[in-house]
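In: generate a structure from the sequence data that follows.
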Amino acid sequence: MPPKSDINKVGTESSDFPILCESCLGENPYVRMSKQEYGKECKICTRPFTVFRWNPGAGARFKKTEICTTCAKIKNVCQTCLLDLEYGLPTQVRDAALGRLNEAPTSDINKQYYTQVMEQAMANTSSGQLQDTPDARMASSAAKEMLKELARKDPYYKRNRPHICSFFVKGECTRGNECPFRHEVPQENGLEKQNMADRYYGRNDPVAKKMLSAHAESKGLVAPEDKSIMTLIFLGLPECQEQDVRTSLLSSCPFIQQTQIKSLSIVAASHCAFTTFVNRGIAERTAEALSAQGGIEVLGKRGKVVWGKSRPARGAAASAAAAGKAKAAA
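Out: So this is what the prediction gives:
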């Protein structure tokens, strides 16, 4: 009689071919790959998996798979670059536009349990893929158009270039033109602080933050410099109740908890609503998500989202501020 399977036991993952995007696969139609079964552990679920290694083309560095096929299918991402397979965008940008909740198990036991549950869910479908959530299926056309607009039209093979030579950065490389690495001065753009788990789960991704900020700026939704402003204003709303706006907000941004909304008030005469959050971080994340979705939809009508403004200082506070400005000018 076979032993009873343990849901918390670390399993293994085997595959015949990797799940890759066109950029990582390379422009060469005849790619030779080496295959090593259970060569490394997945950087997400920590299970041993089949590692593939190949050269995408002339002048490119050798690339390999970093996560297992199960984790790639769960997020629909490439096993190497961890970008979305449909749009070629970071998962944080995609999930913000489609209103998806980022699930991130923390402990090893939770990771193993979550992976096995997802495997069973995919095995029960005819396509072998996870079904879209209702929020993703009902995503607005504006959100999908935004993703298509940000997506690259052609493969980005420049991503396969060799890494920068660390000896050249220190001024100690003696190989010259024979050095297989790039002789360039690295630029500080935040990518050096990114890790694989954050890129996979769509949190604290510097590339995604840059893309979302640029899109919000193009829509006139730039976060104000005053960090005390934590209010978003929804304009052009239909006749609705406070609960209608709250429900639409929570469904559009599933990362928001009820306790993170400090106050929500509706001005019926102006067809607008004022929503104040408990901290600036959740307000900025909500603004980015709603900007990616083309606004907030309440009772079938889509409203515009803008930042609130700081209140003018009054009384003693105003006098102190004026005195401070006069002193600075002097």
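In: next, count neighbours for the nearest residue to L250 once chain neighbours are set aside.
Out: With C-beta to C-beta, 6 or more residues apart in numbering as the criterion, L250 has its nearest non-adjacent residue at 5.8 Å, and that residue is I256. (Each C-beta comes from the backbone N, C-alpha and C, glycine too.) For I256, the neighbour count with other C-beta atoms under 10 Å is 19.
In: I256 touches S248, doesn't it?
Out: No. Using C-beta atoms under 8 Å, I256 makes no contact with S248, being 11.3 Å away.
In: surely C71 touches A197?
Out: No. If you go by C-beta under 8 Å, C71 and A197 don't touch, sitting 10.6 Å apart.
In: what's the residue nearest to L250 sitting at in phi/psi?
Out: phi -80, psi 130 (degrees, to the nearest 10).
In: which other residues reach stretch 31-51?
Out: With contact meaning C-beta atoms under 8 Å, 6 or more residues apart in numbering, stretch 31-51 is reached by 10-15, 18, 25, 52-56, 64-71, 108, 111-112, 114-115, 196-197, 200.
In: ok now stretch 151-163, how far from the chain's centre?
Out: 19 Å (C-alpha atoms, centre = their mean, to the nearest Å).
In: what does it contact?
Out: Contacts of stretch 151-163 (C-beta under 8 Å, 6+ apart): 21-24, 26-27, 56-57, 59-61, 63, 81, 87-89, 180-182.
In: inside strands: which ones of those residues?
Out: Among the contacts of stretch 151-163, the residues falling in strands (DSSP state E) are K63.
In: please pick the buried ones from the contacts of stretch 151-163.
Out: C21, S23, C24, G26, P56, A60, K63, C81, Y87, G88, L89, F181 (16 or more other C-beta atoms under 10 Å).
In: where does pLDDT dip in the stretch 1-150 of the chain?
Out: 1-12, 126-142 (pLDDT under 70).
In: if you set the cut-off to 80 instead, what comes out?
Out: Counting by pLDDT under 80, the stretch 1-150 of the chain contains low-confidence residues at 1-15, 99-116, 119-146.
In: domain assignment for the protein?
Out: 22-150, 206-307 (automatic domain parsing).
In: tabulate these (JSON lines), appending distance to G176.
Out: Below are these laid out as JSON lines (distance: least, C-beta to C-beta, whole Å):
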{"stretch": "domain 22-150", "distance to G176": "16"}
{"stretch": "domain 206-307", "distance to G176": "33"}
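In: how close does the closest residue to S23 other than its chain neighbours get to E27?
Out: In space, and not counting its chain neighbours, S23 is closest to P155: 4.4 Å by C-beta to C-beta, 6+ apart. Remark: distance between P155 and E27 (C-beta to C-beta, to the nearest Å) = 7 Å.
In: and what of F274?
Out: Taken as C-beta to C-beta, the span from F274 to E27 is 52 Å.
In: ok, K144 next?
Out: With distances taken as C-beta to C-beta, K144 is found 28 Å from E27.
In: tell me the secondary structure for K40?
Out: strand (DSSP: H, G, I helix; E, B strand; the rest coil).
In: just the helices in the stretch 51-200 of the chain please.
Out: 69-75, 91-98, 108-123, 134-137, 141-150, 166-169, 196-201 (DSSP state H, counting those that start in this stretch).
In: out of those helices, the one nearest K301 is which?
Out: Closest of the helices of the stretch 51-200 of the chain to K301 is helix 141-150, at 13.1 Å (criterion: C-beta to C-beta).
In: distance of the residue lying closest to Y87 once chain neighbours are set aside from T115?
Out: Take Y87 and drop its neighbours on the chain: the residue closest to it by C-beta to C-beta, 6+ apart is A151, 4.1 Å away. Using C-beta to C-beta, A151 is found at 28 Å from T115.
In: who has more neighbours, the two?
Out: A side-by-side neighbour count of A151 and T115, using other C-beta under 10 Å, places T115 first with 23 against 15.
In: residues touching that one, list them.
Out: Contacts of T115 (C-beta under 8 Å, 6+ apart): G11, C45, R47, T70, C71, I74.
In: how near is it to K40?
Out: 16 Å.
In: show me what contacts the most centrally placed residue in the chain?
Out: With distances taken as C-alpha atoms, centre = their mean, Q92 lies nearest the centre of the chain, 1.0 Å away. Going by C-beta under 8 Å, 6+ apart, Q92 touches N102, G202, R203, D205, A208, K209, L212.
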